[in-house]
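Q: No sequence on hand, only this structure:
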(Lines give C-alpha, C1' and ligand atoms only; values in the text may rest on other atoms or scores of the structure.)
Protein backbone atom coordinates (compact mmCIF):
# COMPACT_ATOMS: atom_id res chain seq x y z
CA UNK A 1 0.00 0.00 0.00
CA UNK A 2 1.38 3.40 -0.97
CA UNK A 3 1.88 6.34 1.35
CA UNK A 4 -0.82 8.35 -0.49
CA UNK A 5 -3.34 5.53 -0.01
CA UNK A 6 -2.69 5.62 3.75
CA UNK A 7 -2.91 9.43 4.03
CA UNK A 8 -6.22 9.80 2.18
CA UNK A 9 -8.23 7.56 4.56
CA UNK A 10 -6.47 9.22 7.50
CA UNK A 11 -7.42 12.71 6.26
CA UNK A 12 -11.01 11.59 5.67
CA UNK A 13 -11.21 10.11 9.17
CA UNK A 14 -9.87 13.33 10.74
CA UNK A 15 -12.33 15.44 8.74
CA UNK A 16 -15.32 13.29 9.72
CA UNK A 17 -14.24 13.30 13.37
CA UNK A 18 -13.76 17.07 13.34
CA UNK A 19 -17.15 17.62 11.69
CA UNK A 20 -18.83 15.33 14.23
CA UNK A 21 -17.15 17.20 17.09
CA UNK A 22 -18.32 20.59 15.75
CA UNK A 23 -21.85 19.26 15.25
CA UNK A 24 -21.88 17.87 18.77
CA UNK A 25 -20.60 21.22 20.04
CA UNK A 26 -23.39 23.04 18.24
CA UNK A 27 -26.00 20.68 19.64
CA UNK A 28 -24.55 21.15 23.11
CA UNK A 29 -24.73 24.94 22.75
CA UNK A 30 -28.35 24.72 21.55
CA UNK A 31 -29.17 22.45 24.50
CA UNK A 32 -27.50 24.85 26.92
CA UNK A 33 -29.37 27.77 25.34
CA UNK A 34 -32.73 25.99 25.74
CA UNK A 35 -31.92 25.09 29.35
CA UNK A 36 -30.89 28.68 30.10
CA UNK A 37 -34.13 30.01 28.63
CA UNK A 38 -36.11 27.51 30.73
CA UNK A 39 -34.56 29.03 33.85
CA UNK A 40 -36.01 32.43 32.90
CA UNK A 41 -39.26 31.49 31.15
CA UNK A 42 -41.83 28.75 31.73
CA UNK A 43 -43.89 27.86 28.65
CA UNK A 44 -47.53 26.91 29.19
CA UNK A 45 -48.15 24.95 25.99
CA UNK A 46 -50.80 22.56 27.29
CA UNK A 47 -53.26 25.17 28.60
CA UNK A 48 -55.76 27.58 27.07
CA UNK A 49 -56.20 30.89 28.90
CA UNK A 50 -59.68 32.42 29.21
CA UNK A 51 -59.92 35.88 30.72
CA UNK A 52 -62.31 38.76 31.18
CA UNK A 53 -61.13 42.34 31.58
CA UNK A 54 -62.36 45.89 32.09
CA UNK A 55 -60.67 48.98 30.61
CA UNK A 56 -61.32 52.61 29.67
CA UNK A 57 -59.55 52.54 26.30
CA UNK A 58 -61.71 54.44 23.81
CA UNK A 59 -61.23 56.98 21.03
CA UNK A 60 -61.72 60.72 21.61
CA UNK A 61 -61.36 63.48 19.03
CA UNK A 62 -60.89 67.18 18.57
CA UNK A 63 -62.67 68.74 15.61
CA UNK A 64 -61.13 72.11 14.76
CA UNK A 65 -62.53 74.87 12.57
CA UNK A 66 -61.34 78.42 11.98
CA UNK A 67 -63.24 79.85 14.96
CA UNK A 68 -64.15 76.96 17.28
CA UNK A 69 -63.07 73.63 18.73
CA UNK A 70 -65.15 70.55 19.55
CA UNK A 71 -63.96 67.91 22.01
CA UNK A 72 -65.88 64.71 21.33
CA UNK A 73 -66.24 61.76 23.72
CA UNK A 74 -68.22 58.51 23.42
CA UNK A 75 -70.63 57.81 26.25
CA UNK A 76 -68.39 55.03 27.51
CA UNK A 77 -66.95 54.87 31.00
CA UNK A 78 -65.60 51.31 30.73
CA UNK A 79 -65.33 48.51 28.20
CA UNK A 80 -65.70 44.78 28.78
CA UNK A 81 -63.31 42.45 26.94
CA UNK A 82 -63.39 38.65 26.58
CA UNK A 83 -60.15 36.99 25.49
CA UNK A 84 -58.85 33.54 24.51
CA UNK A 85 -55.09 32.86 24.63
CA UNK A 86 -53.16 29.79 23.53
CA UNK A 87 -49.39 29.56 22.94
CA UNK A 88 -48.57 32.10 20.22
CA UNK A 89 -52.17 33.09 19.35
CA UNK A 90 -54.67 35.34 21.10
CA UNK A 91 -58.02 36.86 20.11
CA UNK A 92 -60.83 38.71 21.85
CA UNK A 93 -63.93 40.89 21.60
CA UNK A 94 -64.65 44.18 23.34
CA UNK A 95 -67.98 45.96 23.85
CA UNK A 96 -69.68 48.42 26.23
CA UNK A 97 -72.56 46.86 28.22
CA UNK A 98 -74.93 49.19 30.06
CA UNK A 99 -74.70 47.23 33.33
CA UNK A 100 -71.18 48.57 33.98
CA UNK A 101 -71.43 51.73 36.16
CA UNK A 102 -71.10 54.92 34.10
CA UNK A 103 -72.29 53.38 30.83
CA UNK A 104 -76.04 53.79 31.27
CA UNK A 105 -76.68 57.56 31.41
CA UNK A 106 -77.98 57.69 27.82
CA UNK A 107 -80.43 60.55 28.48
CA UNK A 108 -77.63 62.90 29.52
CA UNK A 109 -74.86 62.08 27.03
CA UNK A 110 -76.65 60.03 24.39
CA UNK A 111 -76.29 56.38 23.48
CA UNK A 112 -72.96 54.93 22.32
CA UNK A 113 -72.54 51.59 20.57
CA UNK A 114 -69.02 50.20 20.26
CA UNK A 115 -67.33 46.99 19.24
CA UNK A 116 -63.73 45.85 18.83
CA UNK A 117 -62.06 42.68 17.61
CA UNK A 118 -58.38 42.11 18.34
CA UNK A 119 -55.98 39.27 17.60
CA UNK A 120 -52.27 38.78 18.32
CA UNK A 121 -49.51 36.46 17.15
CA UNK A 122 -46.51 36.30 19.49
CA UNK A 123 -43.49 34.15 18.70
CA UNK A 124 -40.05 33.94 20.31
CA UNK A 125 -38.94 37.39 19.16
CA UNK A 126 -41.49 38.74 16.67
CA UNK A 127 -45.05 39.73 17.50
CA UNK A 128 -47.94 41.40 15.73
CA UNK A 129 -51.27 42.81 16.89
CA UNK A 130 -54.25 43.42 14.57
CA UNK A 131 -57.47 45.17 15.57
CA UNK A 132 -60.71 46.53 14.15
CA UNK A 133 -62.95 48.89 16.14
CA UNK A 134 -66.24 50.66 15.50
CA UNK A 135 -68.02 53.34 17.56
CA UNK A 136 -71.32 55.16 16.96
CA UNK A 137 -72.60 58.02 19.12
CA UNK A 138 -70.61 60.86 20.71
CA UNK A 139 -71.29 63.89 22.88
CA UNK A 140 -69.61 67.28 23.15
CA UNK A 141 -67.38 67.24 26.22
CA UNK A 142 -66.93 71.04 26.17
CA UNK A 143 -70.63 71.84 25.68
CA UNK A 144 -70.32 74.73 28.16
CA UNK A 145 -68.28 76.61 25.56
CA UNK A 146 -71.36 76.99 23.34
CA UNK A 147 -74.62 78.90 23.91
CA UNK A 148 -76.68 76.76 21.55
CA UNK A 149 -77.52 74.17 24.21
CA UNK A 150 -81.23 73.69 24.76
CA UNK A 151 -82.66 74.11 28.26
CA UNK A 152 -82.33 70.95 30.28
CA UNK A 153 -79.70 69.39 28.00
CA UNK A 154 -76.29 69.48 29.71
CA UNK A 155 -74.46 68.06 26.66
CA UNK A 156 -74.79 68.46 22.91
CA UNK A 157 -75.15 64.99 21.40
CA UNK A 158 -73.97 63.57 18.06
CA UNK A 159 -75.82 60.23 17.81
CA UNK A 160 -74.87 59.74 14.14
CA UNK A 161 -71.15 60.42 14.46
CA UNK A 162 -69.35 57.23 13.46
CA UNK A 163 -65.80 56.02 13.89
CA UNK A 164 -64.22 52.84 12.54
CA UNK A 165 -60.58 51.95 12.21
CA UNK A 166 -58.00 49.26 11.51
CA UNK A 167 -54.68 49.08 13.30
CA UNK A 168 -51.62 46.83 12.97
CA UNK A 169 -48.57 46.75 15.23
CA UNK A 170 -45.40 44.76 14.54
CA UNK A 171 -42.58 44.53 17.08
CA UNK A 172 -39.40 42.67 17.95
CA UNK A 173 -38.28 41.62 21.44
CA UNK A 174 -34.49 41.36 21.38
CA UNK A 175 -33.85 39.43 24.63
CA UNK A 176 -34.70 35.70 24.56
CA UNK A 177 -34.73 35.68 28.39
CA UNK A 178 -37.60 38.19 28.42
CA UNK A 179 -41.15 36.90 27.97
CA UNK A 180 -43.40 39.31 26.10
CA UNK A 181 -46.20 36.75 26.30
CA UNK A 182 -46.20 36.85 30.11
CA UNK A 183 -47.32 40.50 29.94
CA UNK A 184 -49.80 40.30 27.06
CA UNK A 185 -51.37 36.88 26.53
CA UNK A 186 -50.13 35.22 29.76
CA UNK A 187 -49.27 32.03 27.84
CA UNK A 188 -45.85 32.03 29.51
CA UNK A 189 -44.52 32.84 32.96
CA UNK A 190 -41.51 35.03 33.59
CA UNK A 191 -39.58 33.20 36.34
CA UNK A 192 -36.70 35.66 36.86
CA UNK A 193 -36.43 39.41 36.38
CA UNK A 194 -35.46 40.48 32.86
CA UNK A 195 -35.81 43.33 30.37
CA UNK A 196 -35.72 43.79 26.63
CA UNK A 197 -35.31 46.41 23.92
CA UNK A 198 -38.51 46.38 21.80
CA UNK A 199 -38.69 48.44 18.59
CA UNK A 200 -42.22 48.78 17.18
CA UNK A 201 -43.83 49.73 13.85
CA UNK A 202 -47.46 50.83 13.80
CA UNK A 203 -49.85 51.27 10.84
CA UNK A 204 -53.40 52.56 11.21
CA UNK A 205 -56.34 53.66 9.08
CA UNK A 206 -59.46 55.24 10.58
CA UNK A 207 -62.53 57.15 9.41
CA UNK A 208 -64.58 59.74 11.28
CA UNK A 209 -67.95 60.33 9.61
CA UNK A 210 -70.84 62.53 10.72
CA UNK A 211 -73.93 60.99 9.11
CA UNK A 212 -76.49 63.28 10.74
CA UNK A 213 -77.33 64.91 7.38
CA UNK A 214 -76.22 65.06 3.77
CA UNK A 215 -75.04 68.69 3.99
CA UNK A 216 -72.91 70.71 6.43
CA UNK A 217 -71.30 67.57 7.82
CA UNK A 218 -67.76 66.23 7.58
CA UNK A 219 -65.97 62.97 6.90
CA UNK A 220 -62.24 62.42 7.37
CA UNK A 221 -60.13 59.52 6.14
CA UNK A 222 -56.89 59.19 8.08
CA UNK A 223 -53.79 57.08 7.48
CA UNK A 224 -51.12 56.97 10.18
CA UNK A 225 -47.72 55.29 10.38
CA UNK A 226 -45.11 55.46 13.12
CA UNK A 227 -41.93 53.76 14.27
CA UNK A 228 -39.94 53.98 17.45
CA UNK A 229 -37.91 52.28 20.17
CA UNK A 230 -39.29 50.82 23.36
CA UNK A 231 -38.00 49.10 26.47
CA UNK A 232 -39.76 46.85 28.98
CA UNK A 233 -38.59 45.33 32.24
CA UNK A 234 -40.32 42.77 34.46
CA UNK A 235 -39.43 42.37 38.14
CA UNK A 236 -40.42 38.91 39.39
CA UNK A 237 -40.93 37.74 42.98
CA UNK A 238 -41.48 34.09 43.94
CA UNK A 239 -41.90 33.18 40.23
CA UNK A 240 -45.58 34.27 40.32
CA UNK A 241 -45.79 37.92 41.31
CA UNK A 242 -44.45 40.61 39.01
CA UNK A 243 -44.07 44.34 38.47
CA UNK A 244 -43.78 45.51 34.88
CA UNK A 245 -42.40 48.83 33.63
CA UNK A 246 -42.23 49.91 30.00
CA UNK A 247 -41.75 53.02 27.87
CA UNK A 248 -42.31 53.49 24.13
CA UNK A 249 -41.66 56.59 22.02
CA UNK A 250 -42.37 56.91 18.32
CA UNK A 251 -42.38 59.40 15.49
CA UNK A 252 -44.59 59.17 12.46
CA UNK A 253 -46.71 60.58 9.68
CA UNK A 254 -50.42 61.32 9.54
CA UNK A 255 -52.31 62.00 6.32
CA UNK A 256 -55.86 63.35 6.59
CA UNK A 257 -58.32 63.72 3.73
CA UNK A 258 -61.30 65.82 4.80
CA UNK A 259 -64.61 66.03 2.97
CA UNK A 260 -67.05 68.81 3.91
CA UNK A 261 -70.49 68.18 2.46
CA UNK A 262 -72.14 71.24 0.88
CA UNK A 263 -75.41 71.76 -1.02
CA UNK A 264 -73.78 72.42 -4.38
CA UNK A 265 -70.41 70.67 -4.13
CA UNK A 266 -68.35 68.84 -1.54
CA UNK A 267 -65.19 70.61 -0.39
CA UNK A 268 -62.16 68.31 -0.13
CA UNK A 269 -58.87 69.13 1.55
CA UNK A 270 -55.71 67.16 2.24
CA UNK A 271 -53.15 67.58 5.00
CA UNK A 272 -49.90 65.87 6.04
CA UNK A 273 -48.65 66.04 9.61
CA UNK A 274 -45.61 64.97 11.59
CA UNK A 275 -46.58 63.33 14.90
CA UNK A 276 -44.80 62.35 18.09
CA UNK A 277 -46.16 59.78 20.53
CA UNK A 278 -45.05 58.39 23.86
CA UNK A 279 -46.54 55.71 26.06
CA UNK A 280 -45.58 54.58 29.58
CA UNK A 281 -47.00 51.52 31.31
CA UNK A 282 -46.88 50.19 34.87
CA UNK A 283 -48.37 46.82 35.75
CA UNK A 284 -48.82 44.61 38.79
CA UNK A 285 -49.85 41.00 38.41
CA UNK A 286 -50.10 37.44 39.62
CA UNK A 287 -49.30 34.67 37.11
CA UNK A 288 -50.07 31.35 38.78
CA UNK A 289 -50.37 27.89 37.30
CA UNK A 290 -54.17 27.97 36.98
CA UNK A 291 -55.21 31.57 37.67
CA UNK A 292 -53.70 34.85 36.49
CA UNK A 293 -54.69 38.47 37.12
CA UNK A 294 -53.26 41.94 36.80
CA UNK A 295 -53.82 45.68 36.77
CA UNK A 296 -52.03 47.85 34.19
CA UNK A 297 -51.97 51.65 33.99
CA UNK A 298 -50.97 53.52 30.83
CA UNK A 299 -50.05 57.17 30.47
CA UNK A 300 -49.89 58.22 26.82
CA UNK A 301 -49.43 61.46 24.93
CA UNK A 302 -49.66 62.68 21.35
CA UNK A 303 -48.32 65.90 19.92
CA UNK A 304 -48.79 67.27 16.43
CA UNK A 305 -49.88 70.48 14.75
CA UNK A 306 -53.02 70.38 12.66
CA UNK A 307 -55.19 73.17 11.32
CA UNK A 308 -58.79 73.36 10.10
CA UNK A 309 -59.52 69.65 9.93
CA UNK A 310 -60.84 66.63 11.84
CA UNK A 311 -58.23 64.60 13.68
CA UNK A 312 -57.31 62.40 16.55
CA UNK A 313 -55.79 64.41 19.38
CA UNK A 314 -55.26 62.68 22.71
CA UNK A 315 -53.00 65.22 24.38
CA UNK A 316 -52.27 63.31 27.61
CA UNK A 317 -54.51 60.46 28.75
CA UNK A 318 -54.51 57.82 31.47
CA UNK A 319 -55.85 54.31 30.83
CA UNK A 320 -56.39 51.34 33.11
CA UNK A 321 -56.78 47.63 32.28
CA UNK A 322 -57.81 45.04 34.88
CA UNK A 323 -58.03 41.37 33.92
CA UNK A 324 -58.77 38.02 35.56
CA UNK A 325 -58.18 34.70 33.83
CA UNK A 326 -58.19 30.94 34.28
CA UNK A 327 -56.33 28.19 32.42
CA UNK A 328 -57.92 24.98 31.16
CA UNK A 329 -56.37 21.96 29.47
CA UNK A 330 -56.03 22.24 25.70
CA UNK A 331 -57.55 19.46 23.54
CA UNK A 332 -54.96 17.15 22.01
CA UNK A 333 -56.14 18.02 18.49
CA UNK A 334 -55.34 21.71 19.04
CA UNK A 335 -51.96 20.82 20.55
CA UNK A 336 -50.98 18.80 17.46
CA UNK A 337 -51.95 21.61 15.10
CA UNK A 338 -50.08 24.18 17.20
CA UNK A 339 -46.95 21.97 17.26
CA UNK A 340 -46.95 21.80 13.45
CA UNK A 341 -47.30 25.56 13.08
CA UNK A 342 -44.56 26.30 15.62
CA UNK A 343 -42.22 23.75 13.99
CA UNK A 344 -42.83 25.27 10.56
CA UNK A 345 -42.22 28.78 11.86
CA UNK A 346 -39.03 27.66 13.67
CA UNK A 347 -37.65 26.09 10.49
CA UNK A 348 -38.45 29.19 8.49
CA UNK A 349 -36.72 31.39 11.08
CA UNK A 350 -33.60 29.18 11.03
CA UNK A 351 -33.50 29.28 7.21
CA UNK A 352 -33.63 33.07 7.21
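A: Okay, I see it. Nothing here was measured: the structure is a model prediction, and the numbers come from that model. Numbering: from 1, shown residues only.
Q: who's in contact with the nearest residue to residue 113 once chain neighbours are set aside?
A: Nearest non-adjacent residue to residue 113, counting by Cβ to Cβ, 6 or more residues apart in numbering: residue 136, 4.8 Å away. Backbone N, C-alpha and C define where each C-beta goes, glycine included. Residues near residue 136 by Cβ atoms under 8 Å, 6 or more residues apart in numbering: 112, 113, 114, 159, 160, 161, 162, 163.
Q: 10 Å - rerun?
A: Listed by Cβ atoms under 10 Å, 6 or more residues apart in numbering, the contact set of residue 136 reads 74, 111-115, 158-164, 209, 211.
Q: How far does stretch 207-226 sit from its chain's centre?
A: On the basis of Cα atoms, centre = their mean, to the nearest Å, stretch 207-226 sits 24 Å off its chain's mean C-alpha point.
Q: Geometrically speaking, which residue is the centre of the protein?
A: Central residue of the chain (Cα atoms, centre = their mean): residue 129, 5.2 Å from the mean position.
Q: Tell me the strands beside the helix or strand where that residue lies, with direction?
A: According to DSSP states H and E, residue 129 maps onto strand 126-140. Neighbouring strands of strand 126-140 in its sheet, by DSSP bridges, are strand 69-74 (antiparallel), strand 113-122 (antiparallel), strand 157-172 (antiparallel).
Q: Show me how the protein divides into domains.
A: 1-42, 44-351 (automatic domain parsing).
Q: Least reliable of those domains by average pLDDT, please.
A: Lowest mean pLDDT within those: domain 1-42, at a mean of 49.
Q: related to what we said a few turns ago, tell me which of the strands paired with strand 126-140 approaches residue 44 most closely.
A: Of all the strands paired with strand 126-140, strand 113-122 sits nearest to residue 44, with 12.8 Å by Cβ to Cβ.
Q: Flag every buried residue along that closest one.
A: Within strand 113-122, the residues scored as buried using 16 or more other Cβ atoms under 10 Å are 114, 116, 118, 120, 121, 122.
Q: ok so, going back, which of the domains of the chain is buried the deepest?
A: Highest mean neighbour count of the domains of the chain: domain 44-351, a mean of 16 (counted as mean count of other Cβ atoms under 10 Å).
Q: chain center to that one, what's the gap?
A: Computed by Cα atoms, centre = their mean, the chain-centroid distance of domain 44-351 equals 6 Å.
Q: At which residues are the helices of the stretch 151-300 of the chain located?
A: For the stretch 151-300 of the chain, the helices defined by DSSP state H, counting those that start in this stretch cover 181-184.
Q: circling back: of the strands paired with strand 126-140, which is nearest residue 330?
A: Nearest to residue 330, of all the strands paired with strand 126-140, is strand 113-122, at 16.5 Å by Cβ to Cβ.
Q: Residue 331 contacts residue 47, correct?
A: No: using Cβ atoms under 10 Å, residue 331 makes no contact with residue 47, being 11.3 Å away.
Q: what about stretch 210-230, how long is it end to end?
A: Separation of the first and last residues of stretch 210-230 by Cα to Cα, to the nearest Å is 36 Å.
Q: do the same with stretch 325-340
A: Distance across stretch 325-340, first residue to last, is 27 Å (Cα to Cα).
Q: who's in contact with residue 290?
A: By Cβ under 10 Å, 6+ apart, the residues touching residue 290 are 47, 325, 326, 327, 328.
Q: so can I have CSV of these showing secondary structure and distance to residue 261?
A: CSV is the format used below for those (DSSP: H, G, I helix; E, B strand; the rest coil; distance: Cβ to Cβ, whole Å):
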residue, secondary structure, distance to residue 261
47, strand, 53
325, strand, 46
326, strand, 50
327, strand, 52
328, strand, 52
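Q: quick check, nearest of those residues to residue 58?
A: Nearest to residue 58 among the contacts of residue 290, counting by Cβ to Cβ, is residue 325 at 22.3 Å.
Q: Kindly state the beta-bridge partners for the closest residue to that closest one other than its chain neighbours.
A: Counting by Cβ to Cβ, 6+ apart, residue 325 lies nearest to residue 51, which is 2.9 Å off, once chain neighbours are set aside. Beta bridges link residue 51 to residue 83, residue 325, judged by DSSP bridges.
Q: isn't residue 51 right next to residue 184, touching?
A: No: counting by Cβ under 10 Å, residue 51 sits too far from residue 184 to count as a contact (11.4 Å).
Q: what residues do the two have in common as contacts?
A: In contact with both residue 51 and residue 184: 85, 90, using Cβ under 10 Å, 6+ apart.
Q: What distance do you get for the nearest residue to residue 241 once chain neighbours are set aside to residue 293?
A: If the residues on either side of it in the chain are set aside, residue 241 comes closest to residue 286, at 5.7 Å by Cβ to Cβ, 6+ apart. Distance, residue 286 to residue 293, by Cβ to Cβ, to the nearest Å: 5 Å.
Q: How about residue 278?
A: From residue 278 across to residue 293, the span is 27 Å (Cβ to Cβ).
Q: quick one: residue 231 and residue 225, what's the gap?
A: For residue 231, the distance to residue 225 (Cβ to Cβ) stands at 21 Å.
Q: Also residue 283?
A: Relative to residue 225, and taking Cβ to Cβ, residue 283 is found at 27 Å.
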